[in-house]
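Chemist: Got a sequence here, can you model it:
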Amino acid sequence: MNFSGKALWSACILAVSLALVSCSKNNPDELVKSARELLAKNDTKAAVIQLKSALQARNDHAEARFLLGTTLLESRDAAGAEVELAKALEYKYPADKVVPKLAEALLAQGKARKVTDDYGKMRLSDPSAQADLLVILANAWAAQRNAAAFEQALSDALKSQPDHPMASLAMARRKAAKGDFDGALADAEAVLRKDATVAEAHRLKGDVLAFAQADLDGALAAYRKAIEVRPNQLPAHFSAISTLIRMNKIDDAKAQLTQARKFAGGHPQVLFYQAQMALASKDIKAAREASQQLMKVASNHAPSLQLAGAIELQSNALLQAETYLNKALSIAPDLPLARRLLMQTYLRSGQQTKALAAIPADMAPYTKDADMLAAVGEVYLQTGDAKRAADLFSQAAKVDPKDPRRRTALAVARLNSGQADQAFGDLQDIAAADTGASADLALISAYLRRNDLDKALKAIDALEKKQADSPVVHELRAKTLVAKRDLAGARIGPA
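Modeler: Predicted coordinates for the structure are as follows:
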């Protein structure tokens with residue numbers, strides 16, 4: 001075949017270009033460079049592909065091992081990160097860079113003892129790296145409940161690098177744990193003045209505002225700032241979701257959960273919030289589905305068991321609710337909601353003796369807990385101790401005097417303990433002021449038990465003004481008219 005000089009030159013240029021492209025695709029250094037650029041753009045999936053390609057071309061490429069390990073750690077694959085980082089160290093990547101990340105990967109897998117055994121006496125040459133390692137060691141000591149070693153490690157970290165942000169924040173969280181919320185907040189803000197991109201400082205600020213100052217708007221803004229500077233900061237996403245649920249902004253919480261799912265679709269906390277929000281929206285089917293998935297990965301997590309128990313109770317699956325709630329309390333005996341739900345479960349299933357046994361042995365910690373006081377009062381009311389029930393409902397009503405449910409329960413308890421005149425007066429006042437139906441129904445029931453049928457009909461008329469379309473109203477009127485032997489009126493019903 002004959003080529004002209006021009007055609008031959010073009011063919012040679014094309015061949016060289018293809019060879020260069022092929023060479024580039026198989027050049028591990030070029031692949032690692034490309035991965036670094038992708039990581040700078042937060043494109044971790046593409047970066048991982050490039051790094052694995054680099055390692056196929058050259059298995060002992062230390063930097064590729066290190067970058068792959070740190071990327072896997074960021075993606076919460078701590079076991080995979082441990083393997084890659086250990087190999088990076090084996091292939092002589094600088095210990096100052098590898099060791100803190102390797103220790104972090106071990107700690108993320110719950111290997112706190114290995115962290116302190118392997119790295120407790122290690123000294124790195126770079127002060128910042130040494131401070132990083134000491135902060136991880138502090139967290140490992142905390143996981144082993146060694147407070148003295150925890151504080152010593154943090155102190156050493158701040159000596160190694162006085163303004164180390166994570167050491168400062170760890171100390172700040174220690175202050176918060178001891179009740180020094182103002183000091184913790186000041187420390188978080190000091191870190192942010194030096195570097196506003198420290199996501200953990202924004203999150204700590206949010207935690208203090210949410211739980212110590214009840215400033216939910218301020219807390220939410222702080223969590224969202226943490227997410228802005230570090231979009232894959234899952235704890236900040238979860239804190240924002242929790243805050244939105246507390247603010248009863250369920251739709252906003254669902255939107256936040258959708259964001260979090262991009263970074264951790266199958267994370268147990270994602271499933272937890274999915275179930276919690278479905279329950280809050282009264283979508284029991286969706287709540288049970290999410291809860292059942294959650295139980296596959298968090299069957300020994302007390303709050304998850306508590307939530308699963310609440311969902312089963314709402315589903316009237318009483319035996320399963322009892323199982324979950326008992327397990328939750330075996331792990332964390334001081335969970336007040338689980339205990340209240342368990343008492344309700346026993347009462348609903350007719351196990352009054354077990355309900356009595358589930359009452360906290362020491363009620364002193366609950367003197368300001370209106371929900372617990374009312375729950376225990378309900379147990380005593382249903383087991384025939386109306387006087388003790390009335391005392392507890394009275395305490396609950398003092399803690400939460402604006403809640404008509406507490407006042408209604410107190411009135412019912414008084415009615416059962418023989419204080420009829422006061423009870424009827426209380427129920428009439430509550431029914432007149434409350435838009436809900438609980439007091440009306442209790443009042444109607446009380447009149448029917450006394451066979452005071454005319455007053456029962458008047459109370460039913462008052463309830464009808466609140467719930468004109470409720471079939472319960474018409475059923476109650478019909479039963480009352482039948483009791484009055486007004487069979488024609490019972491058949492005709494309301495005009």
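
Chemist: residue ranges with poor pLDDT in the stretch 151-300 of the chain?
Modeler: 265 (pLDDT under 70).

Chemist: Can you pull out the low-pLDDT segments for the stretch 301-450 of the chain?
Modeler: Per-residue confidence for the stretch 301-450 of the chain (pLDDT under 70) gives these ranges: 417, 436-439, 441.

Chemist: redo that, cut-off 90
Modeler: Applying pLDDT under 90 to the stretch 301-450 of the chain flags residues 334, 347-348, 350, 368, 370-371, 373-450.

Chemist: Tell me where it has helices.
Modeler: Counting by DSSP state H, counting those that start in this stretch, the stretch 301-450 of the chain has these helices, from start to end: 302-314, 318-331, 336-348, 352-357, 370-382, 386-399, 404-416, 420-433, 438-449.

Chemist: Quick one: residues in contact with the next helix-or-strand element following the last one.
Modeler: Meaning helix 438-449. Counting by DSSP states H and E, the element after helix 438-449 in chain order, helix or strand, is helix 453-466. With contact meaning C-beta atoms under 8 Å, 6 or more residues apart in numbering, helix 453-466 is reached by 431-432, 435, 437, 440-441, 443-444, 447-448, 470, 473, 476-477, 480-481, 483-484, 494. For every residue, glycine as well, the C-beta is placed using N, CA and C.

Chemist: between helix 453-466 and helix 420-433, how many degrees?
Modeler: Computed by axes from the mean of the first three to the mean of the last three C-alpha atoms, to 10 degrees, the angle separating helix 453-466 from helix 420-433 equals 20 degrees.

Chemist: and helix 453-466, what's its mean pLDDT?
Modeler: Helix 453-466 shows a mean pLDDT of 82.

Chemist: Helix 438-449 and that helix, what's the angle between them?
Modeler: Calculated by the same axes, to 10 degrees, helix 453-466 forms an angle of 160 degrees with helix 438-449.

Chemist: and helix 453-466, C-alpha only, in CSV?
Modeler: Taking Å, rounded to 0.1, in the frame of the first residue of the first chain, the C-alpha atoms of helix 453-466 are listed here in CSV:
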residue,chain,number,x,y,z
LEU,A,453,-79.1,10.4,81.2
ASP,A,454,-80.3,13.9,80.7
LYS,A,455,-77.0,15.4,81.6
ALA,A,456,-75.3,12.8,79.4
LEU,A,457,-77.3,14.0,76.5
LYS,A,458,-76.4,17.6,77.1
ALA,A,459,-72.7,16.6,77.3
ILE,A,460,-73.2,14.7,74.0
ASP,A,461,-74.7,17.9,72.4
ALA,A,462,-71.6,19.8,73.5
LEU,A,463,-69.4,17.2,72.0
GLU,A,464,-71.3,17.3,68.7
LYS,A,465,-70.5,21.0,68.4
LYS,A,466,-66.8,20.1,68.4
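
Chemist: Quick one: distance of that helix to the chain centre.
Modeler: Centroid displacement of helix 453-466 relative to its chain, using C-alpha atoms, centre = their mean, to the nearest Å, is 44 Å.

Chemist: Show me what counts as buried in that helix.
Modeler: Within helix 453-466, the residues scored as buried using 16 or more other C-beta atoms under 10 Å are Leu453, Lys455, Ala456, Leu457, Ala459, Ile460, Leu463, Glu464.

Chemist: so how far is the helix or strand that that helix is followed by from its chain's centroid?
Modeler: Toward the C-terminus, helix 453-466 is succeeded by helix 471-483 as the next helix or strand (DSSP H and E). Centroid displacement of helix 471-483 relative to its chain, using C-alpha atoms, centre = their mean, is 45 Å.

Chemist: mean confidence score for helix 471-483?
Modeler: Taken as a whole, helix 471-483 has a mean pLDDT of 78.

Chemist: Give the other helices and strands that it contacts.
Modeler: With contacts taken as 3 or more C-beta pairs under 8 Å, 6 or more residues apart in numbering; DSSP states H and E, helix 471-483 sits against helix 438-449, helix 453-466, helix 487-492.
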